[in-house]
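Undergrad: Predicted structure and sequence below. I'll ask about it afterward.
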Amino acid sequence: MESLRDCFELHNGVKIPCVGFGTYQIANGESAVSAVRNALELGYRHIDTAAGYGNEESVGIAVSQSGIDRDEIFITSKLQNPEHGYENTMKAFEQTMKNLDMDYLDLYLIHWPNPVKFRNEWQTANAGTWKAFEELYKAGRIRSIGISNFHPRHMDELMKTATIVPMVNQIRLCPGDTQDEVVNYCKERNIILEAYSPLGTGQIFEVPMMQAIAQKYGKTIAQIGIRWSLQKGYLPLPKAVSKSHIRENADIFDFELSEQDVQAISDLKGCCGYSQNPDLTTF
Ligand SMILES: NC(=O)C1=CN([C@@H]2O[C@H](COP(=O)(O)OP(=O)(O)OC[C@H]3O[C@@H](n4cnc5c(N)ncnc54)[C@H](OP(=O)(O)O)[C@@H]3O)[C@@H](O)[C@H]2O)C=CC1
Ligand SMILES: O=C1CO[C@H](CO)[C@@H](O)[C@@H]1O
């Protein structure tokens, strides 16, 4: 990858820009419009939002104000947890499209496999949701469909009724949180791994070894973390509000980490925390 516009290819042939701009905890309104506009101005072409972030509307406004053609920007949103099941999913999708004020979505994800509301019925709820996703995909409303926070057991269950293998699994991947079992399962099935919280939601900046590696390469800790994701073959989704952070996080294409340093960063077990148990999350 040589720039933010270079892409991974999903298994259905759709191209997905290799770094996405994360938008969790950027308030709907001026903050989110300005952050997404800054990201687009600085060259990002992939925005990650979710119904649960409450800022889809601002993402849509920022895209429209940017003057960049819609088909040059890759937009992901996610199905909110209480909305699983066929009918709920159809309604939630239409609401997302209304919020974004767009007529198609590039990627739609099931945000979590086992939300509180469906604790003992997640299998049926996800089967209904996936049926809706497949119909929307076949109708051209969504260019690609995927999942988030799914472990192998959730994916095995989904595949009992699915006719389309998810194109993406978005999971927490950052130094020391490598989720090897999920990663290997997805790689074997050609499911692209998106790395959320690539900076450990800020915890990466407290890790002395990351500081040492950053100094060695003359880059910042954030740049090392994002570069590590890319070299592992993941698609990182760094979030930033500060314009200087947004710019810095895009400046990652002029250096390469050695294999030893990639391994050393992977081995920093728990340095930036671990992902939540998808069967217990309350998000
Ligand atoms: N599917 C899922 O369940 C989940 C998906 N996600 C997605 O992944 C995205 C990223 O994850 P998230 O947990 O938000 O956090 P990140 O790991 O991207 O870290 C964000 C934090 O790092 C700071 N930061 C960013 N760049 C720099 C920099 N260059 N120097 C110093 N500080 C920096 C930000 O500050 P500031 O904002 O002040 O600039 C912010 O405090 C989310 O926004 C969301 O899109 C996240 C969690 C779960
Ligand atoms: O997308 C999300 C943003 O971050 C939250 C806290 O880590 C997650 O629970 C949620 O899934």
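TA: Cool, got the structure. For clarity, every value in this text was computed on a predicted model and none was experimentally measured. Ligands and ions are numbered 1, 2, ... in the order given.

Undergrad: which residue does the stretch 1-150 of the chain bring closest to ligand 2?
TA: Proximity of the stretch 1-150 of the chain to ligand 2 (C-beta to the nearest ligand atom) peaks at residue 24, 4.1 Å away. Placement of C-beta: from N, CA and C, glycine included.

Undergrad: which ones are touching the residue in the stretch 151-283 of the chain positioned nearest to ligand 2?
TA: Going by C-beta to the nearest ligand atom, ligand 2 is nearest to residue 283 of the stretch 151-283 of the chain, at 3.5 Å. With C-beta atoms under 8 Å, 6 or more residues apart in numbering as the criterion, the residues that contact residue 283 are 52, 81, 111-112, 276.

Undergrad: Count the residues that sit near the residue of the stretch 1-150 of the chain closest to ligand 2.
TA: By other C-beta atoms under 10 Å, 16 other residues sit near residue 24.

Undergrad: Contact partners for it?
TA: 50, 53, 239.

Undergrad: tell me the pLDDT at it?
TA: At residue 24, the predicted lDDT confidence score is 98.

Undergrad: Now it: which helix or strand?
TA: Using DSSP states H and E, residue 24 sits within no helix or strand.

Undergrad: what about it, distance to residue 218?
TA: The spacing between residue 24 and residue 218, counted by C-beta to C-beta, to the nearest Å, is 30 Å.

Undergrad: any weak-confidence spans in the stretch 101-250 of the chain?
TA: Across the stretch 101-250 of the chain, nothing is flagged by pLDDT under 70.

Undergrad: could you pull out the strands for it?
TA: Assigned by DSSP state E, counting those that start in this stretch, the stretch 101-250 of the chain shows strands spanning 107-110, 145-148, 168-172, 192-196, 235-236.

Undergrad: circling back: got JSON lines for the contacts of residue 24, with neighbour count and distance to residue 92 too?
TA: Output for the contacts of residue 24, formatted as JSON lines (neighbours: other C-beta atoms under 10 Å; distance: C-beta to C-beta, whole Å):
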{"residue": "50", "neighbour count": "23", "distance to residue 92": "11"}
{"residue": "53", "neighbour count": "22", "distance to residue 92": "14"}
{"residue": "239", "neighbour count": "23", "distance to residue 92": "23"}
